[in-house]
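>>> Sequence isn't available, so here's the structure alone:
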């Protein structure tokens, strides 16, 4: 089986669909604890951003673990966790039809505007 | 900008350093706080009281540290480590306060001059000079027992610190105000685990119930004030341990019942033991690990 089929985006988010080859799981690494993806929102009013993954016995403990693992240095004011299994991801095999068509459409980019200096995060 | 955003932008958000009780510097833990001893308070009493609260934190931090590389899951290991570090921070401030009012015991003569007071107190006192309770020095046992002990210890400490925010000693009040948020999290974390273990599998229930049986008797000497505490309570500086008993009992009963665990009979109050420096072999062994490096290589840094 080819090893270049990996999930994009979240570390644990796996591409789904019948055309996606499913790698055999090597072994049950952590008994029954499901994998969660963690999203943290910082103080500056930005969006929640994916910061990593963790295993937890349930949703509440996942939030606790996320707090302990990913906000130890005052990074966040809000945490989302979601089971990795509940994430539907785009497939690497579909990469070209999904993303290539937007590559040459420069008119979709705001490159013909001047962005004022005091407008951050554009 | 995605990856950069979280750990660049977020970690730079330290502009409001006001929430750090003592600033973010690492050299002078009590910098910026009025350290004047309030009128009518014996500095020696105040220092010993700081040792009581500080040693509880130091010893429990060391117990939690023992889970490092041994915890059942990596995520929980980090959680226990964080809790230990919170407590270590509290211990540092409290021992520094004890040192600032001149309570150093034999430690100062053993430690070299370059070692700060709080380190001298942590590393160069023997077990009989420690003022922690037996609750925190007892062995961890299994994970369930560790969580039951953490639940009891953080419930008691949170109840004390909540009241200590009104202390006439400005340093104790500031330490307590900082600590209540940490302790509320510790208590919540432990309570969640006790609920899951108690109301989990037959095996986890059995272990949690065994943990309760092991930890419950350790509460016997928690709610009797020492003479030092009694004098400081009268002076408006300390919290009377007897005053938190009902609150502790209510919290623990609620958690255990929800966890489908049997609440044992409340232990009868006995005279203070650990607070008076009377400890078991468990503390001696713990201190051997805690202090070994510092005593062999004073002022070692890494």
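Right, received. Where do you want to start? It should be emphasised that the depicted structure is a prediction, and the values quoted were computed from it without experimental measurement.
>>> who's in contact with stretch B:256-276?
B:52, B:130-135, B:137, B:194-195, B:197-199, B:205, B:208-209, B:212-213, B:216-217, B:219-221, B:223-226, B:229, B:249, B:252-253, B:279, B:283 (C-beta atoms under 8 Å, 6 or more residues apart in numbering or on different chains). In this view, the C-beta of every residue, glycine as well, is placed from N, C-alpha and C.
>>> before we move on, what about stretch B:89-107?
For stretch B:89-107, contacts defined as C-beta under 8 Å, 6+ apart pick out B:21-22, B:29-30, B:35, B:37, B:43-44, B:46-48, B:50-51, B:53-55, B:57-58, B:61, B:116-118, B:120-126, B:129, B:171-172, B:175, B:178-179, B:182.
>>> Only the buried subset of these, as a ChimeraX command please.
Those of those that count as buried under 16 or more other C-beta atoms under 10 Å in any protein chain shown are selected in ChimeraX with:
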select /B:21,22,29,30,37,46,47,48,50,51,53,54,55,57,58,61,116,117,118,120,121,122,123,124,125,126,129,171,172,175,178,179,182
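>>> Take the contacts of stretch B:89-107 and keep only those in helices.
Members of these lying in helices (criterion: DSSP state H): B:43-44, B:46-48, B:50-51, B:53-55, B:57-58, B:61, B:117-118, B:120-123, B:171-172, B:175, B:178-179, B:182.
>>> Now for residue B:68, how many residues are close by?
12 (other C-beta atoms under 10 Å in any protein chain shown).
>>> Could you pull up the residues touching the residue in the stretch 101-250 of chain B positioned nearest to chain A?
The stretch 101-250 of chain B approaches chain A most closely through residue B:189 (6.1 Å), counting by C-beta to the nearest C-beta. By C-beta under 8 Å, 6+ apart, the contact set of residue B:189 is A:64, B:79, B:83, B:150.
>>> repeat that for 7 Å
Residues in contact with residue B:189, defined by C-beta atoms under 7 Å, 6 or more residues apart in numbering or on different chains, are A:64, B:79.
>>> before we move on, the earlier item: filter the contacts of stretch B:256-276 down to the buried ones.
For the contacts of stretch B:256-276, buried by 16+ other C-beta under 10 Å: B:52, B:130-135, B:137, B:194-195, B:197-198, B:205, B:208-209, B:212, B:216, B:219-221, B:223-226, B:229, B:252, B:279, B:283.
>>> Now residue A:79, what are its backbone angles?
Dihedral pair for residue A:79: phi -130, psi 130, per degrees, to the nearest 10.
>>> Quick check: it touching residue A:67?
Yes: using C-beta atoms under 7 Å, residue A:79 is in contact with residue A:67, at 6.3 Å.
>>> Give me the common contacts of these two.
With C-beta under 7 Å, 6+ apart, residue A:79 and residue A:67 have no common neighbours.
>>> Mind checking which of the buried ones among the contacts of stretch B:256-276 land in helices?
Per DSSP H, these map to helices at B:52, B:134-135, B:137, B:194-195, B:197-198, B:205, B:208-209, B:212, B:229, B:252, B:283.
>>> what helices or strands is the top helix by length along chain A leaning on?
Longest among the helix segments of chain A by residue count, using DSSP H, is helix A:59-70. Using 3 or more C-beta pairs under 7 Å, 6 or more residues apart in numbering or on different chains; DSSP states H and E, the elements in contact with helix A:59-70 are strand A:35-41, strand A:49-55, strand A:78-83, helix B:74-100, helix B:170-198.
>>> In JSON lines, list those along with distance to residue B:234.
Listed next are the helices and strands packed on helix A:59-70 as JSON lines, based on distance: least, C-beta to C-beta, whole Å:
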{"stretch": "strand A:35-41", "distance to residue B:234": "48"}
{"stretch": "strand A:49-55", "distance to residue B:234": "49"}
{"stretch": "strand A:78-83", "distance to residue B:234": "45"}
{"stretch": "helix B:74-100", "distance to residue B:234": "20"}
{"stretch": "helix B:170-198", "distance to residue B:234": "15"}
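>>> Reformat these as a markdown table; add distance to residue B:107 and mean pLDDT.
Listed next are these as a markdown table, based on distance: least, C-beta to C-beta, whole Å; pLDDT from 0 to 100:
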| stretch | distance to residue B:107 | mean pLDDT |
| --- | --- | --- |
| strand A:35-41 | 42 | 94 |
| strand A:49-55 | 41 | 92 |
| strand A:78-83 | 42 | 94 |
| helix B:74-100 | 9 | 94 |
| helix B:170-198 | 20 | 95 |
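>>> To residue B:290, which of those lies closest?
Nearest of the helices and strands packed on helix A:59-70 to residue B:290, taken as C-beta to C-beta: helix B:74-100 at 10.9 Å.
>>> No more questions from me, cheers.
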